[in-house]
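Asker: Return a 3D structure for these sequence lines:
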Amino acid sequence: MTSFPPPRAPHNSRSSLRSRLFRALAVVGATLVLLCVLSMAAVTRLGGVLGLILRENYVSVLSCQEMNEELERQDSAVLFATSGRSDIAEPMLREHRAGFAKAFAREAANITLPGEGARVRRVDTLYREYASQVDQVLLQPREARVDGYFKSLLPRFNAVRREVTAIRLINQKNMEEADKEARRVAHRTLELAVLFTVFALTLAIWFALEIPKTVLEPILSFTKHAKKIGEGKLDTSVPVPEVSELSALGEALNRMQEKLRAYRDSSLGELLAAKDLSRATIASMVDPVIVFSTHAEVLLANAAAEATFGIVSGDADLLRRGGIEIPEPIAVARDAVLAHGQPLLPQSLAEAMRWITEDGEKYFLVRGSPLSSDDASGAGVIVVAQDVTRFRRIDALKSDVVATVSHELKTPLTSLRLATHMLLEDSTGPLRSIQRELAITARDETERLQSTVNELLDLVRIEREAGALKRAPVSPTALLQEVLSAHLPMAKLKHVTLEIEPGNRGAPVEIDAEQITIVLSNLVSNAIRHTPEAGHVWLNAYMQGANQVFAVRDDGDGIAPQQLPRIFERHWSGSEPSTLKGRHGLGLAIAQDIASRHGGELTVETEVGKGSTFRLSLPGVLSDRAAQ
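Answerer: The predicted structure is shown next:
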């Protein structure tokens, strides 16, 4: 049975939904534009205030800090000279006088505050007097230099430093005042933004409550009839509302019903609809999609696959004769799914395929899945190449930033380590007990920070070389001896005994020696760090079934049981009363990752107060004949 649509309302009696929405949204749009303009103005003003801070005062503060540092180093050089080490003092004095002059010139060119110029001239006068007096004292006999230092040089040194500090303080005060102004501007901006946001939200809520009254009933009617169409009830016509846009939709739905009724009478229509739907779905995907038959023929390739790889429908030989090659990762995924009947899913960005396009270098993660079918052999394979170029770049940027920061930290860290070690040398003079304790603490902390930087660099290198293990036969004995030699100075410094336990080391193992050395070095350094003075750390290697086991054992603090599940997490460190205090969480995470890449595992046995034993178990031990 076929019913006819209800009579249509006269066209001139309909109101346009577009005009209603336009009027409703115009007010909200105007409000948002006003909010945007006010925000831009406030941000511009705030930027000006911040720029003023950096331009007028920041340079002066840095210059004063540098002048004080250079002045203190000149004072140190004078002390070297008074102690008879003129060979160290003279080049040191020349270097830091030049540094002071450079910092002073920068400050003299950046006078922006009242009274700052007078203080700069005062610094110049005092420093000239100080430098002149230094030269005079150094010309005196060695016995008279100490007296000249305390009577003449030290008061002038303090006077110059006071004036430089005063210049720095007035600049800092001005920066604090400018910061308060910036905060005030930001607070006012926030208040205005909140006010206009509340106003805009109020309008939006009002429109959200009013607009549905105009369109809700026709839409509910359309939804009701659409459900009936979805259930196959195609004999009821859709009422046509008076709103012009919705009336066109009602008429379109009625026409669609008529065509669906025609399709319903033909099974061919249903098949075509299903085929068109599948093609439209694949064609609409932005990533390259290729459908292969069970004979490796290309049944379907969307526009993205054609534009990126040049793949079109056809068998493999036909494509090859046409100069079109299936990219190897896509062919590998296709063949693996056809062979095993299981989806092929990449595990990380490191497995992405690199491809050069007209737009430049791109990376794709290739996924393959079997197409289900009643046939036992299946219907084929669908391969999707997901564009992960942006994620690869973000990952590479992250690694570059970490590597750059770590490299930049190495040079100042080396200087700090040298300085702390020199402080503890007898050649630099005796230290009081509290001074020695502070120097030892500084030395230990710089060593720990150096270890952190090295582990960050190891982490970046391992991530960049993901999946690229450089395996080669390695003797366990030679590997243990190398690690022992590298950590003996650290053990002696801590007064910890480091030795290799006797026993059969087993046959050579095929591993990446550099990465396994990183694991063992991390375990040994952790063991030394958490073992008290007069303690012991033992290294061992032995066979356990078909696996080669490397063990690091200590009689140190041990690890609390509640912390064991988390010790291999990145960037986690225990807190009091944890016996893991001071660990930064990178080293063990890196060690665990390297062990996993080798197909092995890293385990720990521990008891609080009695020590810990870390075991690295690796498969793939070579026979003696294969090793030779």
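
Asker: Convert stretch 130-143 to CSV, retaining C-alpha atoms only.
Answerer: Provided in CSV are the C-alpha atoms of stretch 130-143 (Å, rounded to 0.1, in the frame of the first residue of the first chain):
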residue,chain,number,x,y,z
TYR,A,130,91.5,47.9,43.1
ALA,A,131,93.2,46.7,39.9
SER,A,132,96.0,49.2,40.4
GLN,A,133,96.5,48.2,44.0
VAL,A,134,96.5,44.5,43.0
ASP,A,135,99.4,45.1,40.6
GLN,A,136,101.3,47.0,43.3
VAL,A,137,100.8,44.3,45.9
LEU,A,138,101.9,41.5,43.5
LEU,A,139,105.2,43.4,42.9
GLN,A,140,106.0,43.2,46.6
PRO,A,141,108.0,40.3,48.1
ARG,A,142,106.0,37.1,48.9
GLU,A,143,106.1,37.7,52.6
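
Asker: So for that stretch, what gets flagged as buried?
Answerer: In terms of neighbour count (16 or more other CB atoms under 10 Å), stretch 130-143 has its buried residues at Tyr130, Ala131, Gln133, Val134, Val137, Leu138. Placement of C-beta: from N, CA and C, glycine included.

Asker: For stretch 596-607, list the C-alpha coordinates in CSV.
Answerer: Provided in CSV are the C-alpha atoms of stretch 596-607 (Å, rounded to 0.1, in the frame of the first residue of the first chain):
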residue,chain,number,x,y,z
SER,A,596,63.6,-6.8,26.8
ARG,A,597,65.2,-5.9,23.5
HIS,A,598,67.6,-8.9,23.9
GLY,A,599,64.7,-11.2,24.7
GLY,A,600,65.9,-11.5,28.3
GLU,A,601,64.7,-10.3,31.7
LEU,A,602,66.0,-8.3,34.6
THR,A,603,65.0,-9.5,38.1
VAL,A,604,65.9,-8.5,41.7
GLU,A,605,66.1,-10.2,45.1
THR,A,606,66.5,-8.0,48.1
GLU,A,607,66.2,-7.8,51.8
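
Asker: Looking at it now, give me its mean pLDDT.
Answerer: In this model, stretch 596-607 has an average pLDDT of 87.

Asker: Need the contact partners of it.
Answerer: Contact partners of stretch 596-607, identified using CB atoms under 8 Å, 6 or more residues apart in numbering, comprise 466-467, 469, 511-512, 515-516, 519, 547, 558-559, 564, 567-568, 588, 591-592, 595, 612-620.

Asker: roughly how far is that stretch from the heart of the chain?
Answerer: 26 Å (CA atoms, centre = their mean, to the nearest Å).

Asker: Kindly indicate whether Glu95 is helix, strand or coil.
Answerer: Following DSSP: H, G, I helix; E, B strand; the rest coil, Glu95 is assigned to helix.

Asker: Report the separation between it and Tyr130.
Answerer: 17 Å (CB to CB, to the nearest Å).

Asker: Just after the host helix or strand of Leu493, pick out the following helix or strand.
Answerer: Leu493 belongs to helix 476-494 when assigned by DSSP states H and E. Downstream of helix 476-494, the first helix or strand assigned by DSSP H and E is strand 497-500.

Asker: now for that next one, which elements pack on it?
Answerer: helix 476-494, strand 536-544 (3 or more CB pairs under 8 Å, 6 or more residues apart in numbering; DSSP states H and E).

Asker: model confidence over that strand, on average?
Answerer: Computed over strand 497-500, the average pLDDT equals 92.

Asker: hang on, the earlier thing: and the contacts of stretch 596-607, which of them are in strands?
Answerer: Among the contacts of stretch 596-607, the members found in strands (DSSP state E) are Ile511, Asn547, Ser612, Thr613, Phe614, Arg615, Leu616, Ser617, Leu618.

Asker: show me what contacts the fifth one?
Answerer: Each residue near Phe614 by CB under 8 Å, 6+ apart is listed here: Leu523, Ala527, Ala551, Val552, Arg553, Leu602, Thr603, Val604.

Asker: ok, for Arg168, nearest residue in space, not its chain neighbours?
Answerer: Distances taken as CB to CB, 6 or more residues apart in numbering put Cys64 closest to Arg168, at 3.5 Å, once the chain neighbours are dropped.

Asker: My read is that that neighbour contacts Glu163, right?
Answerer: No - the criterion here is CB atoms under 8 Å, and Cys64 misses it with Glu163 at 9.6 Å.

Asker: which one of those two has more residues nearby?
Answerer: Cys64 (25 against 21; other CB atoms under 10 Å).

Asker: what sits up against the helix or strand where that one lies?
Answerer: Element membership of Cys64, judged by DSSP H and E, is helix 59-82. For helix 59-82, the surrounding residues in contact (CB under 8 Å, 6+ apart) are 86, 88-90, 92-93, 96-97, 99-100, 102-104, 106-107, 110, 112, 116, 123, 127, 134, 137-138, 142, 145-146, 149, 153, 157, 160-161, 164-165, 167-168, 171-172, 175.

Asker: If you count neighbours, what's buried in the helix or strand where Asn526 lies?
Answerer: Under the criterion of DSSP H and E, Asn526 resides in helix 513-529. Residues 513, 515-529 are the ones in helix 513-529 that count as buried (16+ other CB under 10 Å).

Asker: same check, this time on stretch 535-548
Answerer: Gly535, His536, Val537, Trp538, Leu539, Asn540, Ala541, Tyr542, Met543, Asn547, Gln548.

Asker: in the protein, which spans are strands?
Answerer: 289-292, 298-301, 353-357, 360-371, 380-387, 472-474, 497-500, 509-511, 536-544, 547-554, 601-607, 611-618.

Asker: Pull up the pairing partners for the third one, direction included.
Answerer: Based on DSSP bridges, the strands next to strand 353-357 in the sheet, each with its direction, are strand 360-371 (antiparallel).

Asker: Which residues outside the strand it pairs with are in contact with it?
Answerer: Contact partners of strand 360-371, identified using CB under 8 Å, 6+ apart, comprise 287-288, 291, 308, 329-330, 332-334, 336-338, 341-346, 349, 351-356, 378-389, 392.

Asker: Now do that strand against strand 380-387, angle only.
Answerer: Using axes from the mean of the first three to the mean of the last three CA atoms, to 10 degrees, the inter-axis angle of strand 360-371 relative to strand 380-387 is 150 degrees.

Asker: Report the rounded mean pLDDT for strand 360-371.
Answerer: 85.

Asker: Number of residues surrounding Gly599?
Answerer: 12.

Asker: Domain-wise, how is this protein divided?
Answerer: 19-203, 220-267, 273-387, 392-464, 470-628 (automatic domain parsing).

Asker: so which of these comes closest to Leu209?
Answerer: Each of the domains of the chain has some distance to Leu209 by CB to CB; the shortest is domain 19-203, at 11.0 Å.

Asker: Distance from the chain centre to that closest one, please.
Answerer: 31 Å.

Asker: again with stretch 225-236
Answerer: Distance, centroid of stretch 225-236 to centroid of chain: 53 Å (CA atoms, centre = their mean).

Asker: any idea of the mean pLDDT for it?
Answerer: Stretch 225-236 comes out at a mean pLDDT of 73.

Asker: Just the CA atoms of that stretch, as CSV, please.
Answerer: Extracted in CSV, the C-alpha atoms of stretch 225-236 (Å, rounded to 0.1, in the frame of the first residue of the first chain):
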residue,chain,number,x,y,z
HIS,A,225,10.1,8.3,10.3
ALA,A,226,13.9,7.7,9.8
LYS,A,227,13.7,4.8,12.3
LYS,A,228,10.7,3.4,10.4
ILE,A,229,12.6,3.6,7.2
GLY,A,230,15.5,1.8,8.9
GLU,A,231,13.1,-0.9,9.9
GLY,A,232,11.9,-1.3,6.3
LYS,A,233,8.6,0.4,6.8
LEU,A,234,8.6,2.5,3.6
ASP,A,235,4.8,3.0,3.1
THR,A,236,4.3,6.0,5.5
